[in-house]
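Chemist: this one's sequence-less:
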């Protein structure tokens, strides 16, 4: 069951999300967006298109706020992709156009060995990190304390994919664990510094994507390389952290639940019931409405069905499993908060 | 019927016992290995263990000892990858381990390929692979290529961000009959359909079979795009490629 009691006075979206992240009672389950709900339709609506909306703070804020103003989510998340820090670190980028996400050219890595890794002293002054910080400031000013503003700071495992290359880094993890740890250790400064700067800019919580996904590595890898570092992030970064890892992750949820992270943003490849059983109340789950098959391809009825499946399982924050396809129909996204409200209404009617 | 004890190499016996749990599959693998010489089993073991240095050394030694290159490829390298594929499919190993096995395969193939090529020995099929336009993700595509090569296919790798025109050009320049397209982004998935349309427009669609895959791609989406087949992972990719290559051979026979 969600922590909703029915006796709690109406909360603001911000209060609702932060309470759920603290695993405290809420007036209703919050609808949360730890990654991106930007769509081409929303870009057209407010005149803030990719790629500019990834690089211009005003456009970034304008597009991000549609998640709340148009879709009715309780959160606003201005970071639509996973490339801001990597761009600032010097990775080669493909910015793409209106209908695609920007991507790091991972086939052209910038570093090879731990000793190559030099974090630029002006990392936070780079256009693409500044853009996020400025967008958060704009949103905080615009929405005050009403809406929960979530920032995003990439974990060292994901940054290693971008800067060293996926295959090379994964082979390194097998061949030379010590070297791998030295890489992660150097890159964690980026995670912490960018996270802290977003807090200063006004973020209420941070998504921390660190793609040690079940599609690539074992659950044992998470324990071996990342668990302790994620515990360190919880201790160093003083606002709720939402860990995001795509793919099948049930085999590592027990480790993730031990980190002290406020929440885990989980993928639809994991059932809500089995995931709740795995984390045993030690961490809040956020998710896990399927993107390609449901939000992108089906209609509001199917969206509602998935939302209710999460709510029935007691998942405390509901939202899409990952950054949604840019061509997703707004109608389907609006259905998420509607379905949550409907579920609570029906539940209240039953009790 | 051969028994597990008929497999000479102790490491391979242990691998079969621990990781190949399906009875039929285990029987098939035991039958295959029971026919393979101890020397070739030793080479297969280097692939399963992901030991590129030993794979390099033993392949070279076998060639120097007069073993035919095709024997080493089929009974050593490819036989090893058969067990790697099963372990990967069943989540006993993950991408880092598969990358190490593929590296070992590559080390052995570096000695074998020039000999096969000089002798004019044909691969079991030729496949063009690429990640579609707008998408720079290649790990899934690369795993498929490793498994395809591990199964004896020749693969033309077009890398990432491959436009329909690039697929057509590669198709026209090579005598491949199967094209594999990969996408990780939901925004780039539709480019699979765009590519297939381009082949239709050029009047080439009937000469080629398309297989597609990638994290957000589903069998339904593949069908909607007009693909001939969908593969959920790198192991399935090989099975699909074998089937499609067979279809095209039948069609042209």
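Modeler: Nice, thanks for sending it over. Given the structure is predicted, the values throughout are model-derived calculations rather than measurements. Residues are numbered from 1 along each chain as shown, chains lettered A, B, ... in the order given.
Chemist: Quick check: residue A:75 touching residue A:16?
Modeler: No - if you go by C-beta atoms under 8 Å, residue A:75 and residue A:16 don't touch, sitting 9.5 Å apart. In short, each C-beta sits where N, CA and C put it, glycine included.
Chemist: neighbour count winner among these two?
Modeler: residue A:75 (28 against 25; other C-beta atoms under 10 Å in any protein chain shown).
Chemist: quick one: pLDDT of that one?
Modeler: Listed pLDDT for residue A:75 reads 98.
Chemist: what does residue A:244 give?
Modeler: Reported pLDDT for residue A:244: 97.
Chemist: Okay, and the beta partners of it?
Modeler: residue A:209, residue A:265 (DSSP bridges).
Chemist: who's in contact with it?
Modeler: Residues in contact with residue A:244 (C-beta atoms under 8 Å, 6 or more residues apart in numbering or on different chains) are A:34-35, A:207-210, A:264-265, A:322.
Chemist: of those, buried ones?
Modeler: Among the contacts of residue A:244, those classed as buried by 16 or more other C-beta atoms under 10 Å in any protein chain shown are A:34-35, A:207-210, A:264-265, A:322.
Chemist: coming back round to it: show me which of the contacts of residue A:244 is closest to residue A:82.
Modeler: residue A:209 (5.9 Å; C-beta to C-beta).
Chemist: Kindly provide the distance from the closest one to residue B:34.
Modeler: Note on residue A:209: its distance to residue B:34, by C-beta to C-beta, to the nearest Å, is 48 Å.
Chemist: next one: residue A:239
Modeler: Distance from residue A:239 to residue B:34, by C-beta to C-beta: 61 Å.
Chemist: count of neighbours near the spatially closest residue to residue B:6 that is not a sequence neighbour?
Modeler: Counting by C-beta to C-beta, 6 or more residues apart in numbering or on different chains, residue B:6 lies nearest to residue B:34, which is 4.1 Å off, once chain neighbours are set aside. Around residue B:34 there are 16 other residues, counting by other C-beta under 10 Å.
Chemist: looking at it, residue B:34 is touching residue B:5, isn't it?
Modeler: No - Residue B:34 is beyond contact range of residue B:5, at 9.4 Å (criterion: C-beta under 8 Å).
Chemist: one step back: give the phi and psi angles for the residue nearest to residue B:6, as a check.
Modeler: phi -60, psi -30 (degrees, to the nearest 10).
Chemist: give the contact list for the nearest residue to residue A:283 once chain neighbours are set aside.
Modeler: In space, and not counting its chain neighbours, residue A:283 is closest to residue A:257: 4.5 Å by C-beta to C-beta, 6+ apart. Residue A:257 makes contacts with A:264, A:278-280, A:282-283, as judged by C-beta under 8 Å, 6+ apart.
Chemist: what's the pLDDT at the residue of the stretch 51-200 of chain B found nearest chain A?
Modeler: Residue of the stretch 51-200 of chain B nearest chain A, by C-beta to the nearest C-beta: residue B:186 (3.4 Å). Residue B:186 carries a pLDDT score of 83 in this model.
Chemist: Residue 155: how many residues sit nearby?
Modeler: No chain in the question, so chain A it is. 26.
Chemist: that's the wrong chain, I meant chain B
Modeler: 21.
Chemist: Give me the secondary structure label for it.
Modeler: Judged by DSSP: H, G, I helix; E, B strand; the rest coil, the three-state class of residue B:155 is strand.
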